[in-house]
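Q: When you get a sec, could you give me coordinates for this:
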Amino acid sequence: MKALLLTLVFLLELAMLAAAGWWGFTLDAGWPVRVAAGIGAPLLIAVVWGVFCSPRAAVSLPAPAKLAVQVACFVTAGLLLALAGHPVPAVLLVALWAVDTAVLRLSGEPA
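A: Next comes the predicted model:
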């Protein structure tokens, strides 16, 4: 069961990056802005995630702070996806991550 939950959280992390990219590439702007936002937004989220939340994070945070960074990343990606015109998938992304993370934490697994 834990392997399934960890796989789901990994897939949701990839979806988070895809959501940020989707927002950028669908902006109502010229193609240079769309390309910069479509690459830059997921890159920024990936850097924040890698520095603070990955298993080999450069900055070791206490669990509540790490969870706060994770929440900020997922809520940001959800907001960007909603701004791109997809509010239902945005809510599903954040809600699935929250449920999956809660179940993992209740099972004693750090998410």
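
Q: Who are the packing partners of the helix or strand residue 68 falls within?
A: Per DSSP states H and E, residue 68 falls inside helix 63-83. If contacts are counted by 3 or more CB pairs under 8 Å, 6 or more residues apart in numbering; DSSP states H and E, helix 63-83 sits against helix 2-25, helix 31-52, helix 87-106. For every residue, glycine as well, the C-beta is placed using N, CA and C.

Q: From residue 62, how far off is residue 16?
A: Per CB to CB, to the nearest Å, residue 16 is found 22 Å from residue 62.

Q: and if you look at residue 38?
A: Distance from residue 38 to residue 62, by CB to CB: 34 Å.

Q: So for the two, which residue has more residues nearby?
A: A count of neighbours by other CB atoms under 10 Å puts residue 38 above the other of residue 38 and residue 62, at 19 against 8.

Q: mind showing which ranges of the chain have poor pLDDT?
A: 110-111 (pLDDT under 70).

Q: Need phi/psi at the residue of the chain lying at maximal distance from its centre.
A: Centroid-distance maximum for the chain: residue 30 at 25.9 Å, with CA atoms, centre = their mean. Per-residue torsions, residue 30: phi -70, psi 160 (degrees, to the nearest 10).

Q: May I have the residues that are in contact with it?
A: Applying CB atoms under 8 Å, 6 or more residues apart in numbering to residue 30 gives no contacts.

Q: And it, how far from residue 57?
A: In terms of CB to CB, residue 30 sits 36 Å off from residue 57.

Q: do the same with residue 76
A: If you go by CB to CB, the gap between residue 76 and residue 57 works out to 18 Å.

Q: if you count what's nearby, which of these two comes out ahead?
A: Neighbours were counted for residue 76 and for residue 57 using other CB under 10 Å; residue 76 has more, 19 against 14.

Q: number of nearby residues for the nearest residue to the more buried one once chain neighbours are set aside?
A: Using CB to CB, 6 or more residues apart in numbering and skipping the chain neighbours, the partner closest in space to residue 76 is residue 45 (6.8 Å). Neighbourhood size, residue 45 [other CB under 10 Å]: 22.
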